[in-house]
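>>> My questions are about this predicted structure, shown below with the sequence.
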Amino acid sequence: MNPKIAKAMNDMDTKPIRDLASEIKSSGSKIIDLNPGPLRKNCNKMMAFLINSVQEATDLRLCLDTPNPEAIETGLTICKDKPIINGFSLEPHKMEKILPLAVESDAEIVGFLLHPDGKVPRSLDERLSLAVTLAGEAKKAGLPTERLIIDPIVVPISWEDGTAQARDVLSCIRLLPDLLGFPVKTVVGLSNLTSGAGTKTDSFLIEEVYLAMLIEAGLDLALLNVLRKRSVGTAFICDSIKNSRVWSWGEVDV
């Protein structure tokens, strides 16, 4: 979706990709999410090009974010460090093609709380029920619980029930460890919250406020635009307070 990166992929030009990877690393990020889309053509070649280009610029851990299982399998062989697979759900083709890749490679994998038909849950009870089923299926497939990262699915706040859904995601994160009986890693796609808002300044404020609420609820990982410095600053400040780290004014540049 980034025109510069799309052109770089098409032209097999590593520089724009290396430049962006370096910028992401300088933001303080710990992981880079690589989302090249479904990669319907030359998926192995394109995935290898993207990963190698990023790894030329940074040693950050990678997250392979594509619904194409063949591209994920290629990525698993190229990544210098064990990547995260992003991800699978109860949709049959993802259960059959993507979940086994995590089991076989000892990789962590994101599990989306979506119905088998791909629909988003509309209540807290639905999310919790899906979490139980998803964790059960992952265990049955041979995935250790510590390698499962659950995404409770953040939806646009502009939806008719958007604020209720945002509240339910917070409750879901808080309840998952007791519900499933093991420490649960969680992740959200934060940009989903303001999808459709464009460059409205209010969307930045909404993102920052909700990110703080997510961290307080126990969120482990956030997929976000690290070029939004205030969102990154919010994450660092929350982490410092939550984990009682020694504060440094120079750590956060907002």
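Received it, and whenever you're ready, just let me know what you need.
>>> where exactly do the helices run in this protein?
Taking DSSP state H to define them, one finds helices in the chain at 3-11, 14-26, 43-57, 69-78, 92-97, 99-105, 124-141, 162-180, 201-217, 229-242.
>>> got JSON lines for those, with distance to V155 and mean pLDDT too?
C-beta coordinates here come from the backbone N, C-alpha and C atoms, glycine included. JSON lines is the format used below for the helices of the chain (distance: least, C-beta to C-beta, whole Å; pLDDT from 0 to 100):
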{"stretch": "helix 3-11", "distance to V155": "26", "mean pLDDT": "92"}
{"stretch": "helix 14-26", "distance to V155": "25", "mean pLDDT": "95"}
{"stretch": "helix 43-57", "distance to V155": "28", "mean pLDDT": "95"}
{"stretch": "helix 69-78", "distance to V155": "25", "mean pLDDT": "95"}
{"stretch": "helix 92-97", "distance to V155": "19", "mean pLDDT": "97"}
{"stretch": "helix 99-105", "distance to V155": "24", "mean pLDDT": "97"}
{"stretch": "helix 124-141", "distance to V155": "11", "mean pLDDT": "98"}
{"stretch": "helix 162-180", "distance to V155": "5", "mean pLDDT": "97"}
{"stretch": "helix 201-217", "distance to V155": "12", "mean pLDDT": "91"}
{"stretch": "helix 229-242", "distance to V155": "18", "mean pLDDT": "90"}
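>>> got these as TSV, with distance to V187 and mean neighbour count columns?
Formatted as TSV, the helices of the chain follow (distance: least, C-beta to C-beta, whole Å; neighbours: other C-beta atoms under 10 Å):
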stretch	distance to V187	mean neighbour count
helix 3-11	22	13
helix 14-26	17	17
helix 43-57	19	19
helix 69-78	17	20
helix 92-97	16	14
helix 99-105	14	19
helix 124-141	13	17
helix 162-180	10	18
helix 201-217	10	17
helix 229-242	13	17
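>>> quick one, which of those is nearest to P116?
helix 92-97 (6.6 Å; C-beta to C-beta).
>>> So what touches the closest one?
By C-beta atoms under 8 Å, 6 or more residues apart in numbering, the surrounding residues in contact with helix 92-97 are 67, 69, 88-89, 116, 137, 141.
>>> how about a cut-off of 10 Å?
67-70, 72-73, 87-89, 91, 111-112, 114, 116-118, 134, 137-138, 141 (C-beta atoms under 10 Å, 6 or more residues apart in numbering).
>>> Also stretch 33-41?
By C-beta under 10 Å, 6+ apart, the surrounding residues in contact with stretch 33-41 are 1-2, 5-6, 9, 17, 21, 24, 43, 45-47, 49-51, 53-54, 62-68, 70-72, 74-75, 79, 83-84, 86, 110, 187, 189, 221, 223-224.
>>> which residue is nearest the middle of this protein?
Compute the mean C-alpha point of the chain, and by C-alpha atoms, centre = their mean the closest residue is L223, 4.5 Å away.
>>> and it, bridged to which residues?
G189 (DSSP bridges).
>>> correct me, but it touches C63?
Yes. Taking contacts as C-beta atoms under 10 Å, L223 lies within contact range of C63: 8.0 Å.
>>> Having no further points to raise, I will conclude here.
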